[in-house]
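Predicted coordinates and the sequence they were generated for:
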Amino acid sequence: MGHIAIIGGTGICDPTMLDHVTSGQMENYYGTIRYTRGTYKGKEIIFLARHGKYHSIPPHLINYRANILGLKKLGVTTILSTTAVGAINRDYEPDEFVLPDQFIDFTSHSRHGSFFDGGSNGVVHVDMTEPYCPSLRETVVQAAQDLSYALHPAGTYVCTEGPRFETPAEIKMFDKLGGDIVGMTNVPEVCLAREAEMCYATISMVTNYAAGISPVPLTHAEVVEKMVQNSKRLRKLVMHTVDLYDDRDCSCRHTLKDYGGFSV
């Protein structure tokens, strides 16, 4: 059985939930990651703080390739991430969970979105018809039902470059394009996980209404406050998903079969 990684903030990556806890770092071709690992009900778990231990790395400067490749080399086959988002869809409200099934990418080329940039790694065109693992998403839905948590079982995540918040005009455009929620971290994380042949899903916590929908200007403090308020519920949802998850063979694990598999 492969390991399960949980990518999130310090409020979610709580090592007190694990047994046999150790910390370490992993160097790989793209950089160094620092992680906490342990066991939960017999399953190997690795926590990775996306923004660093002290939330010091802004979204556009996260080393996404180092994170995903490092987890891959640690034996991770499944990634469950958490993200803070603003609501574009008026049916979504702060404090609710959303389980995205699609994304729209509005990040810039400064984020390295592929392991395959030519050269020795070659070029790969990965299929993203279903960006998020259907099997893992089903498990999240079941976990939310068990806990009686309100969860929107689908939605389109619009990923922006950050670190600034979006303008009302941008939100109006995203709305017309079919976006439901907006955040700054899910891309290229989801794309790299697919290239690395790992099962991946993200649980999004709505912390605020997006710009132009919210009656007041947005602040980072508001986002942090909402995440802190809901961190206990989010942790319970994440760990119950881990408990329910059956690590079986999945199409995500064979994404690059036509290219001979993932090798970086």
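Received it, and whenever you're ready, just let me know what you need. Keep in mind that what you see is a predicted model, and the values were worked out from it rather than measured. Residues are numbered from 1 along each chain as shown.

Helices of the stretch 151-264 of the chain, residue ranges please.
Secondary structure of the stretch 151-264 of the chain (DSSP state H, counting those that start in this stretch): helices at 168-176, 189-195, 220-244.

just those: most buried one?
helix 189-195 (a mean of 25; mean count of other CB atoms under 10 Å). Just so you know, the C-beta spots here come from the backbone N, C-alpha and C atoms, and that holds for glycine as well.

name the helices or strands packed onto it?
Packed against helix 189-195 by the contact rule (3 or more CB pairs under 8 Å, 6 or more residues apart in numbering; DSSP states H and E) you find helix 64-73, strand 199-209.

switch to 6 Å and redo it
If contacts are counted by 3 or more CB pairs under 6 Å, 6 or more residues apart in numbering; DSSP states H and E, helix 189-195 sits against helix 64-73.

what angle separates the helix or strand following the helix it packs on from helix 168-176?
Next helix or strand after helix 64-73 toward the C-terminus (DSSP states H and E): strand 76-87. Interaxial angle of strand 76-87 relative to helix 168-176 (axes from the mean of the first three to the mean of the last three CA atoms, to 10 degrees): 120 degrees.

Tell me what angle the helix or strand of the chain with the lowest mean pLDDT forms with strand 76-87.
Between all helices and strands in the chain, the lowest mean by mean pLDDT, DSSP states H and E belongs to helix 220-244, at a mean of 85. Counting by the same axes, to 10 degrees, helix 220-244 lies at 140 degrees to strand 76-87.

ok, back up a step: rebuild the helices of the stretch 151-264 of the chain as TSV, extending it with distance to residue 94.
Converted to TSV, the helices of the stretch 151-264 of the chain look like this (distance: least, CB to CB, whole Å):
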stretch	distance to residue 94
helix 168-176	15
helix 189-195	23
helix 220-244	6
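
where in this protein is pLDDT low?
Residues of the chain meeting the criterion pLDDT under 70: 9-11, 54, 218, 223, 264.

Spatially central residue for it, please.
The centroid of the chain falls nearest to residue 81 when counting by CA atoms, centre = their mean (3.5 Å).
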